[in-house]
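Asks: this one's sequence-less:
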Ligand SMILES: *Cc1c(COP(=O)(O)O)cnc(C)c1O
């Protein structure tokens, strides 16, 4: 075998890099999966029809490359948000969009900033570009620290709205103020937008520096299909298209995305159901005296308290393990000190939440 150590050949920006670790996708059945904020209901039945029509017969259509620019999907996304197809890029999940934006707008001299805590993929993407990453602390009472954002010197600011992992959301006045005051690209990550009822997409005609990113993973039950997008000025879309893979979305994803976007009635109904379940779950946590920021998302970021009145890392860790042993998976961030006293719990079906509540009841009696 040839003597060769590939490590010596690794690009500088990749040398110190650790891959982003997403929430666990357990193998085998029987899990109550409340750890990655997937939609608890199946996608619209129109999706099954659209996918079936793509693979009917001998799957002959798969022999051919898909539409490289996903033009029909871009048009549908544009229709959904009331903008033109020229203001839309479709991507392989919104993770790809984030990657494209970081690739296009950051390098060793142009850094990326975001509020802390927020989505922990951002610093990994920045590092890949050898770009600086500036985490900006929230202000008093989790307020938006405008002065720090405006003076941070970053080239791009990512605003997660609603925020993950806290679930908090802000309205149009806040997005306008940031887009107005920040001297650079403002990327609003609206992965959880379908649950807050607000999107900043309508502002892209007014702010040439604004990118609004979305995904079908959380609000449309299509995490397994990988469909995401950005809405932005035509100029920005053109820049993002320069760094995109030529065939970034496969045929099935394009067809599924279009079908799901058209079935607004189905999603209104099931999102309303998620919001009702969210309210009931928040009531349950309130009845236990557990605190959480009021959620505008499909998850609740709650700080558990044991029956002796203790909370903190040990208590959160203990409940996380207790639930996991009962095949209930929630999200815990043990290594992030700022948030490791809390658990991020996806709003599931009523049956899933009943299982969660029963297990929490057992934990409280045992602790
Ligand atoms: C889930 C999530 C994404 C990425 O979703 P995709 O599945 O890649 O579309 C982006 N941002 C935030 C804040 C998320 O929670």
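Replies: Done, it's in. On a predicted model such as this, the values are computed, not experimentally measured, just so you know. Numbering: from 1, shown residues only.

Asks: wait, isn't residue 34 in contact with residue 346?
Replies: Yes. In this structure, residue 34 is within contact of residue 346 by C-beta atoms under 8 Å, at 4.1 Å. No exception for glycine: its C-beta is placed from N, CA and C like everyone else's.

Asks: between these two, what contacts are shared?
Replies: Common neighbours of residue 34 and residue 346, using C-beta atoms under 8 Å, 6 or more residues apart in numbering, are 299, 330, 331.

Asks: and those, which is closest to the ligand?
Replies: Nearest to the ligand among these, counting by C-beta to the nearest ligand atom, is residue 299 at 9.0 Å.

Asks: and that closest one, what does it touch?
Replies: Shown in contact with residue 299 (C-beta under 8 Å, 6+ apart): 34, 37, 164, 165, 167, 192, 331, 344, 345, 346, 347.

Asks: let's see that with 10 Å instead.
Replies: With contact taken as C-beta atoms under 10 Å, 6 or more residues apart in numbering, residue 299 is in contact with 34-37, 162, 164-167, 192, 195, 218, 278, 281, 292, 330-331, 343-348.

Asks: same question, residue 316
Replies: By C-beta under 10 Å, 6+ apart, residue 316 lies in contact with 302-305, 330, 332-334, 339-343.

Asks: interface residues of the protein facing the ligand?
Replies: Residues of the chain lying close to the ligand by C-beta under 6 Å from any ligand atom are 93-95, 119, 160, 164, 189, 191, 215, 217-218, 223, 228.

Asks: need the max-distance pair from those residues.
Replies: Pairwise distances across the residues of the chain next to the ligand (C-beta to C-beta) peak at 17.5 Å, for the pair 160 and 223.

Asks: higher neighbour count, those two?
Replies: When residue 160 and residue 223 are compared for neighbours, residue 160 comes out ahead with 23 against 18, by other C-beta atoms under 10 Å.

Asks: can you give me the distance of the more buried one to residue 79?
Replies: Remark: distance between residue 160 and residue 79 (C-beta to C-beta, to the nearest Å) = 25 Å.

Asks: kindly report the same for residue 102.
Replies: Taking C-beta to C-beta, one finds residue 102 at 28 Å from residue 79.

Asks: before we move on, the earlier item: for the contacts of residue 299, which PyMOL command selects only the ones that are buried?
Replies: Selecting the buried subset of these in PyMOL, with 16 or more other C-beta atoms under 10 Å as the burial test, is done by:
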select buried, resi 34+35+36+37+162+164+165+166+167+192+195+218+278+281+292+330+331+343+344+345+346+347+348
